[in-house]
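*Asks:* I would like to see how this sequence folds:
(one chain, ligands or ions: 2)
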Amino acid sequence: MHTQSTTLLIIGGGPGGYVAAIRAAQLGIATTLVEAEQLGGTCLNIGCIPSKALIHAADEFAKITACAGDSALGIKVASASIDIARTVQWKDGIVGKLTGGVGALLKKHKVNVIKGWATVVDGKTVDVKTADQTLRISCTHLLLATGSLPVALPFMPFGGKVIHSTAALAPAVLPKQLVVVGAGYIGLELGTAYRKLGVQVSVVEALDRVLPAYDPELTKPVAAALNRLGIELHLGCRVLGLNASESGVRIQAGDAAEIELPADQVLVAVGRRARSAGFGLESLHLDMHGHTVKVDDQCRTSMRDVWAIGDLTGEPMLAHRAMAQGEMVAEIISGRRRYFQPAAMPAVCFTDPEMVVVGKTPDQVPDCIHASFPFAANGRSMTLESAEGFVRVVARRDDHLIVGWQAVGCSVSELSTAFSQSIEMGATLEDVAATIHAHPTLGEAVQEAALRALGHALHV
Ligand code: FAD
Ligand code: NAD
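*Replies:* Residues are numbered from 1 along each chain as shown. Ligands and ions are numbered 1, 2, ... in the order given. Now for the predicted structure:
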């Protein structure tokens, strides 16, 4: 068997692993990265980027289709159609550019990248099966960044017409009728995109509202928009399985009679679980929390010099969290003092309207001031034909320190930067209220929310 040795060995080339590798190399640490599939992991190949590409294509198609009807803007289009194979090809082009870019960055930083399947032998040794050999690599530090996998329903496993997000992101043809199980991030982002592409979409959710992890005031405009789009919502429903002819999904609300939803395809999006099995991790006997690896606030596992980051360490399973953890671990290994204690961790749902949550909501802060500013009073929103939603700020009552922002509305994902920065930099309501915000922008709603919390909003 061929052998190699390195200071830092990283398993997994997703946003957690590749960022850790780049930063470690910048800090002069000899680094090897093992990736079984494509660099960029779930995020670049089958997650964040392809889903946002498909959402954009669906938005454009829906806009043009709307113009073929009665456009208030006076735009006239005879008819619109979509060549989904070409859409997928365009999406794949973006993925290819980004994953190629990650490869180039790793090469530039002289990271030793090995394509192969890693199996943990012990805390200092990993075997890697490549296309033509098995390598044994010894290391001083082992960083686990193996990500997550979609959760399957035991009574309706993946296969045939039952798909997970990966297949939904690369349709060869569009189904006529899609049933989505789970009204969380994936179910609603992709369910909305498919509906805008002309597919009949039904969403089945076990709990009694969409995006149940978020506060109801925030999700109300999203639910209203789903209804307007013609997505059928079946809330508080149990999925029982496919019917006998596999032409539909059987569901039941409470004790009511069972009903069947016709389906050419069923997208199961009921969460993801840490990828902690199948590569010898059990042999380390790490402290675990279910499927996830337990880590402290430096991403150290229960074994010395074995680290874990990203989805493998549980919620929130977000790419920016994985990247921040990866960067931090590289710095700690290089001797810097770092802790993972972010004041703000933005979460964005790319539904239509979009939703952003950063920091605390009013019910999480005992003595707070909170105020909302509606986009209906924002000029830029009107020019974008989208005056629904609002920005909400949450601040401590005693010193006006901002501890949370929430927003729902058109393009609010881009406001998440201002939200996170104000919280991380310890801004008060007065700081944001006194900052000149460009006109006309959606960002003016951020300033106005702070002004309103202080009792003197100007435009509402
Ligand atoms: P991953 O990206 O999963 O990477 C892990 C890598 O490890 C994989 O490439 C895998 O092949 C490799 N690997 C695993 N085991 C081995 C082994 N034994 N040997 C070698 N290689 C191995 N997050 C956001 O923040 N914003 C979004 O908009 C967003 N959209 C998403 C949309 C979808 C459809 C999905 C599925 C996810 C989305 N996410 C989003 C979540 C995001 O993709 C993940 O949080 C992120 O990719 C986690 O990064 P990671 O590095 O922990 O793991
Ligand atoms: P999710 O946790 O967001 O939503 C799952 C939904 O399924 C929940 O509403 C849950 O109540 C429901 N559910 C669970 N079991 C069910 C059942 N048997 N029948 C009906 N409903 C059921 O999970 P997801 O949408 O699969 O996404 C997985 C993860 O991927 C997310 O948690 C997130 O971390 C990540 N992601 C992030 C983004 C983003 O940041 N924009 C986008 C997509 C995915």
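*Asks:* how close does the closest residue to Thr119 other than its chain neighbours sit to Ile137?
*Replies:* Distance criterion CB to CB, 6 or more residues apart in numbering; nearest residue to Thr119, sequence neighbours excluded, is Gly280 at 4.4 Å. Just so you know, the C-beta spots here come from the backbone N, C-alpha and C atoms, and that holds for glycine as well. According to CB to CB, to the nearest Å, Gly280 stands 13 Å off from Ile137.
*Asks:* neighbour count winner among those two?
*Replies:* Ile137 (22 against 14; other CB atoms under 10 Å).
*Asks:* partners of the helix or strand that one falls within, with directions?
*Replies:* Taking DSSP states H and E as the definition, one finds Ile137 inside strand 134-144. Strand 134-144 has its sheet partners listed here by DSSP bridges as strand 2-11 (parallel), strand 125-129 (antiparallel), strand 306-308 (parallel).
*Asks:* possible to save those strands as a markdown table with mean neighbour count and distance to Gly455?
*Replies:* Formatted as a markdown table, the strands paired with strand 134-144 follow (neighbours: other CB atoms under 10 Å; distance: least, CB to CB, whole Å):
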| stretch | mean neighbour count | distance to Gly455 |
| --- | --- | --- |
| strand 2-11 | 20 | 51 |
| strand 125-129 | 19 | 60 |
| strand 306-308 | 26 | 47 |
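*Asks:* which one, of the ones you listed, ends up nearest to ligand 1?
*Replies:* strand 2-11 (5.2 Å; CB to the nearest ligand atom).
*Asks:* tell me if the helix or strand following that closest one is near ligand 1.
*Replies:* Moving toward the C-terminus from strand 2-11, the next helix or strand (DSSP H and E) is helix 15-26. Yes. Judged by CB under 6 Å from any ligand atom, helix 15-26 comes into contact with ligand 1 through Pro15, Gly16, Gly17.
*Asks:* so the second one is in contact with Ala324, correct?
*Replies:* No. Gly16 sits out of contact with Ala324 when judged by CB atoms under 8 Å, with a separation of 9.0 Å.
*Asks:* thinking again about what came up before, so which elements touch the helix or strand following the strand holding Ile137?
*Replies:* Following strand 134-144 in sequence order, the next helix or strand is strand 148-150 (DSSP H and E). Here strand 148-150 touches strand 272-274, going by 3 or more CB pairs under 8 Å, 6 or more residues apart in numbering; DSSP states H and E.
*Asks:* outside of the strand it packs on, which residues touch it?
*Replies:* Contact with strand 272-274 is made by 146-151, 290-293, 311-314, 317, as judged by CB atoms under 8 Å, 6 or more residues apart in numbering.
*Asks:* give me the distance from that strand to the chain's centre.
*Replies:* 13 Å (CA atoms, centre = their mean, to the nearest Å).
*Asks:* next one: the next helix or strand after it to chain centre, how far?
*Replies:* Using DSSP H and E, the helix or strand that follows strand 272-274 in sequence is strand 288-289. In terms of CA atoms, centre = their mean, the centre of strand 288-289 is found 22 Å from the chain centre.
*Asks:* for Leu9, give me its contacts.
*Replies:* Taking CB under 8 Å, 6+ apart, one finds Thr31, Thr32, Val34, Val126, Ile137, Cys139, His141, Leu142, Leu143 in contact with Leu9.
*Asks:* report the separation between it and Gln38.
*Replies:* Using CB to CB, Leu9 is found at 19 Å from Gln38.
*Asks:* Ala21 now?
*Replies:* If you measure Ala21 against Gln38 using CB to CB, the figure is 15 Å.
*Asks:* what's the answer for Gly254, then?
*Replies:* Gly254 is 44 Å from Gln38, by CB to CB.
*Asks:* neighbour count: those two, which is higher?
*Replies:* Using other CB under 10 Å as the criterion, Gly254 and Gln38 rank with Gln38 on top: 18 against 7.
*Asks:* Three-state assignment for that one, please.
*Replies:* Here Gln38 is recorded as coil under DSSP: H, G, I helix; E, B strand; the rest coil.
*Asks:* make 32 the starting number, not 1.
*Replies:* Done: numbering now begins at 32, and the last item shifts to Gln69.
*Asks:* just confirm it contacts Gly131, I think it does.
*Replies:* No. With contact defined as CB under 8 Å, Gln69 does not reach Gly131; the gap is 9.9 Å.
*Asks:* need the contact list for Lys397.
*Replies:* In this structure residue 397 is Pro, not Lys. By CB under 8 Å, 6+ apart, Pro397 lies in contact with nothing.
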